[in-house]
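Trainee: Predicted model and sequence below, questions to follow.
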Amino acid sequence: MLVAMSVGATEEELENVRSHIRGEGLTPHESHGMERVVIGVVGDVGARKERVMNKLSALPGVASVTPISRPFKLASREFHPKDTIVRVGGAVIGDGNLSVMAGPCSVETREQLLTTADAVKAAGGTILRGGAFKPRTSPYSFQGLGEEGLVYLSEARERTGLPVITEVMESSDVDLVAKHADILQIGTRNMQNFPLLMAAGRAGKPVMLKRGLAGTIEEWLMSAEYILSTGNPNVILCERGIRTFETATRNTFDLTAVPVLHHLTHLPVVADPSHATGKRWLVRPMALAAVATGADGIMVEIHPNPDEAWSDGEQSLTLEMFAALAPVLRQVHELVSGLGQDPAMAAGIYRRGR
Ligand code: PEP
Ligand code: MN
């Protein structure tokens, strides 16, 4: 439930509400707006709901108590209307500018990574991606360089100044990956690996949570809730395509998820047309389409020589293709920057201030 304090409620009244919430064995999570404080009540109220609501409503300084219809609280825009802005190194995600994350599917060699990192930087990319721990369908496929790959990613960051995002696949690797990465990526196959979500959240670095390949938007936001519940507010969502009956593409790119998420949650939304489509020639049109839906960022796989890539070469852009795409992404982003003001966007809670 959400407790909205009256405009001008005193600190003493606020503290009284907090202590009543704690007294019920629940946790208060506060959101301080321009005018008033809203307190999200987190925990299992179950059958006590009505009694607790009545009790809180009667406290001095409380304007209203509303039950939350959505099962995710910390991720919900109802509780936290203002967009979450994630700052990492010199990069900012979710502030209305377009984040462009690019790099190879896998870190293969030092030279391959540094060449690609230079190209990301030169084209105006904002974040370098690269997998060191790779979730492969076959145990016989290249599994990633592991720690060696992380060391190359660190070197690429020093060289270019670009923050680095890379996947962590198991809880026991979180500390190691967090030592080198600026953003921890949770891959599609681990969207509901709850112990991993908690471990990644506790590492204190921003976490990008990819959509499970069979995950509903609600399940995805519940997974984000796990990370947020560790006290880490810096969660980014990434739509990367879902499994449907369609086989023409690797996955089905659910671009509707972008505005739906902006409506439901304050978290930044990134879209990955590379894993969504699986085909190089589809990456450019679908990246542009994703930006047109209001995505806060794009993640694309690029490679100096895609035909020789150790993983996902078929969907990787050449460095030249990426250099040609980046400025057009920015043009489209400029054109749709007023999307949040569209009166048809329901309830006035979509993208405030944009
Ligand atoms: C990746 O981005 O490297 C990756 C493996 O993506 P996904 O988890 O979306 O398949
Ligand atoms: Mn890949």
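Mentor: Yes, it's here. Ligands and ions are numbered 1, 2, ... in the order given.

Trainee: Show me which residues of the stretch 1-150 of the chain sit near ligand 2.
Mentor: By C-beta under 5 Å from the ion, the residues of the stretch 1-150 of the chain that approach ligand 2 are residue 105. Just so you know, the C-beta spots here come from the backbone N, C-alpha and C atoms, and that holds for glycine as well.

Trainee: tell me the strands in the stretch 1-150 of the chain, going along the chain?
Mentor: All strands of the stretch 1-150 of the chain, identified by DSSP state E, counting those that start in this stretch, fall at 2-5, 27-32, 37-42, 62-66, 86-88, 91-93, 99-103, 127-129.

Trainee: If I look at the nearest residue in space to residue 303 that is not next to it in sequence, what pLDDT would I see?
Mentor: The shortest distance from residue 303 to any non-neighbouring residue, by C-beta to C-beta, 6 or more residues apart in numbering, is to residue 316 (4.1 Å). Looking at residue 316, its pLDDT is 98.

Trainee: And for residue 351?
Mentor: 48.

Trainee: ok, residue 177 touching residue 131?
Mentor: No. Counting by C-beta atoms under 8 Å, residue 177 sits too far from residue 131 to count as a contact (10.9 Å).

Trainee: Looking at those two, which one has more neighbours?
Mentor: Neighbour totals were compared for residue 177 and residue 131, and residue 131 leads with 29 against 24 (other C-beta atoms under 10 Å).

Trainee: In contact with the residue nearest in space to the middle of the chain: list those residues for me.
Mentor: Nearest to the centroid of the C-alpha atoms of the chain, with distances taken as C-alpha atoms, centre = their mean, sits residue 236, at 1.5 Å. Neighbour list for residue 236: 86, 93-94, 183, 206-209, 267-270, 296-297 [criterion: C-beta atoms under 8 Å, 6 or more residues apart in numbering].

Trainee: Please flag which of those sit within strands.
Mentor: 86, 93, 183, 207, 208, 209, 269, 270, 297 (DSSP state E).

Trainee: Sort out which of the residues you listed are buried, if you could.
Mentor: 86, 93, 183, 207, 208, 209, 269, 270, 297 (16 or more other C-beta atoms under 10 Å).

Trainee: So which of these is the closest to residue 189?
Mentor: Nearest to residue 189 among these: residue 209, at 12.2 Å, using C-beta to C-beta.

Trainee: Quick check: closest non-adjacent residue to that closest one.
Mentor: Closest to residue 209 by C-beta to C-beta, 6+ apart is residue 186, at 4.9 Å.

Trainee: Residue 291 now?
Mentor: residue 332 (4.6 Å).

Trainee: And the host helix or strand of the one you found, what's buried?
Mentor: Using DSSP states H and E, residue 332 sits within helix 319-335. Residues of helix 319-335 classed as buried by neighbour count (16+ other C-beta under 10 Å): 319, 321, 322, 323, 325, 326, 329, 332, 333.

Trainee: Same question for stretch 184-197.
Mentor: 184, 185, 186, 187, 188, 190, 191, 192, 193, 196, 197.

Trainee: State the mean pLDDT of it.
Mentor: 98.

Trainee: ok, now stretch 118-129?
Mentor: 98.

Trainee: I'd say residue 166 and residue 178 touch.
Mentor: No. Look at residue 166 against residue 178 with C-beta under 8 Å: they stay out of range, at 10.0 Å.

Trainee: what residues do the two have in common as contacts?
Mentor: In contact with both residue 166 and residue 178: residue 184, using C-beta under 8 Å, 6+ apart.

Trainee: more neighbours, those two?
Mentor: Of the pair residue 166 and residue 178, residue 166 is the one with more neighbours under other C-beta under 10 Å, namely 24 against 20.

Trainee: Which other helices and strands does the helix or strand containing the more buried one contact?
Mentor: According to DSSP H and E, residue 166 maps onto strand 164-167. Packing contacts for strand 164-167, counted by 3 or more C-beta pairs under 8 Å, 6 or more residues apart in numbering; DSSP states H and E, involve strand 127-129, helix 147-160, helix 174-180, strand 183-186.
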